[in-house]
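Peer 1: The sequence and its predicted three-dimensional model are supplied below.
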Amino acid sequence: MVTFERAKQIGVDACIDKLGRDFVLKYKDTSSSGFGDRGDHVFCFVGVDDRPEPEMKDELILTSNGQFPYLASCNVSYEDGHIEFLKCVLPKTKSS
């Protein structure tokens with residue numbers, strides 16, 4: 001059996017590795033992760049935006065664009081820590 005904390009760590013790390021750890025670290029200021037208990041597994045998500053909007057001083061701009069251009073999500077089983085990747089939109093690598 002895997003605890004919630006361990007499953008969360010496994011899943012977020014797997015999503016980061018799927019996207020590319022260097023890529024996620026490069027855009028860490030515009031990246032986000034999330035997770036949630038789903039009964040028999042933990043759902044994990046990492047999203048990265050490599051095109052952040054320019055910072056505006058003294059001006060609040062609200063947009064409806066809340067989607068990340070790059071993301072990875074997975075389920076991690078409490079039973080054995082097995083990872084099942086769900087939706088993944090990955091950046092192109094130099095070898096691609």
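Peer 2: Structure received.
Peer 1: Okay, helices next: where are they in the chain?
Peer 2: Ranges of helices within the chain are 4-19, 21-26, based on DSSP state H.
Peer 1: most tightly surrounded among the ones you listed?
Peer 2: The highest mean neighbour count among those, using mean count of other Cβ atoms under 10 Å, belongs to helix 4-19: a mean of 19. C-beta: built from backbone N, CA, C; applies to glycine.
Peer 1: Quick one: mean pLDDT over that helix.
Peer 2: The average pLDDT for helix 4-19 rounds to 98.
Peer 1: so can I have a markdown table of the helices of the chain showing distance to residue 33?
Peer 2: Below are these laid out as a markdown table (distance: least, Cβ to Cβ, whole Å):
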| stretch | distance to residue 33 |
| --- | --- |
| helix 4-19 | 5 |
| helix 21-26 | 9 |
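Peer 1: To residue 93, which of the ones you listed lies closest?
Peer 2: Residue 93 lies closest to helix 21-26 among the helices of the chain, at 8.6 Å (Cβ to Cβ).
Peer 1: Just give the closest residue to the most centrally placed residue in the chain, not the sequence neighbours.
Peer 2: Relative to the mean C-alpha position of the chain, the nearest C-alpha, by Cα atoms, centre = their mean, is the one of residue 46, at 0.5 Å. Spatial nearest neighbour of residue 46, chain neighbours left out: residue 15 (3.9 Å); criterion: Cβ to Cβ, 6 or more residues apart in numbering.
Peer 1: ok now do the one you found, which residues does it touch?
Peer 2: Contact analysis of residue 15 by Cβ atoms under 8 Å, 6 or more residues apart in numbering lists 33, 44-46, 72-74.
Peer 1: so which of the helices of the chain comes closest to residue 82?
Peer 2: helix 4-19 (9.3 Å).
Peer 1: okay, residue 58: pLDDT?
Peer 2: Looking at residue 58, the pLDDT reads 61.
Peer 1: which residues of the chain score low on pLDDT?
Peer 2: Across the chain, residues meeting the criterion (pLDDT under 70) sit at 53-66, 94-96.
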